[in-house]
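> no sequence on hand, only this structure:
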């Protein structure tokens, strides 16, 4: 599918990686529905090609309403980019005590269950789309995992588990939705310049970026967005997890 034909629902689209995806899609002639809880940033990102709908990805009614609102505004949604996520740092048995079950569950709810919730509800709608005349596609779904899914650090048990789940469900869902002309892919980014790092001084950001073999810096949301765009436009990309990480392999801590 060409970018100019895309109407994408982007979760977490008000900031970070999601905002980069929204900018990339709209700059190349597509339309984006921003699904996010951040009203201030979401409203600021709106324009004639981008619609904000306050959404909680963990709630069925919230996601369904947002997708319907997007369809009513722009027409059928034929792409989804799942970027909504949270992260915590908590040891299983550290100086502050054992890992709270509530915080573990919260990360799983947003990162894994939230991603699945959007996939299932969007796929239901995509199945009704007219297939692309050239590729036969009805839609493409792109999820966000993390290198932590494969080499998580100490204190990342919850985050790594949630992202490993996203990576793990990519192929079985891609195989299932193939019958409907819907592709499913996942990007596993390394260290990227997102709001997660906003509280860190520049010196600390530079030090983190230097951990990457090449280029020795944090990735930028626009670079994530360019890969998402390439996936959207290449019909042979399906059922795969792509590491976007500058060859980094995270150390234990």
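Looks like it arrived, so ask away. All of these numbers come straight from a predicted model, not from anything done at the bench. Numbering: from 1, shown residues only.
> worst-scoring helix or strand of the protein, pLDDT-wise?
helix 202-209 (a mean of 78; mean pLDDT, DSSP states H and E).
> what are the contacting residues of the next helix or strand after that one?
Per DSSP states H and E, the first helix or strand lying C-terminal to helix 202-209 is helix 221-233. With Cβ atoms under 8 Å, 6 or more residues apart in numbering as the test, helix 221-233 has contacts from 1-3, 6, 8, 16-17, 19-21, 23-25, 28, 79, 81, 140, 142, 185, 187, 189, 192-194, 237, 242, 244. Placement of C-beta: from N, CA and C, glycine included.
> contact partners for residue 147?
188-190, 243, 245, 248-250.
> ugh, typo on my part, it should be residue 10
Going by Cβ under 8 Å, 6+ apart, residue 10 touches 18, 21-22, 25, 32-35, 80-81, 83.
> any chance you could map the strands in this structure?
7-11, 31-36, 50-54, 79-82, 93-94, 97-98, 139-144, 182-189, 241-244 (DSSP state E).
> how many residues are close by the closest residue to residue 28 other than its chain neighbours?
Once flanking residues are discounted, residue 28 sits nearest to residue 3: 4.0 Å by Cβ to Cβ, 6 or more residues apart in numbering. By other Cβ atoms under 10 Å, 17 other residues sit near residue 3.
> wait, residue 3 touches residue 30, no?
Yes. Between residue 3 and residue 30 there is a contact at 4.8 Å, judged by Cβ atoms under 8 Å.
> re the thing from before, how about a markdown table for the contacts of residue 10, with distance to residue 135 added?
Output for the contacts of residue 10, formatted as a markdown table (distance: Cβ to Cβ, whole Å):
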| residue | distance to residue 135 |
| --- | --- |
| 18 | 25 |
| 21 | 21 |
| 22 | 23 |
| 25 | 18 |
| 32 | 21 |
| 33 | 22 |
| 34 | 26 |
| 35 | 25 |
| 80 | 17 |
| 81 | 18 |
| 83 | 24 |
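> OK, contacts around residue 168?
Applying Cβ under 8 Å, 6+ apart, no residues contact residue 168.
> thanks a lot, see you next time.
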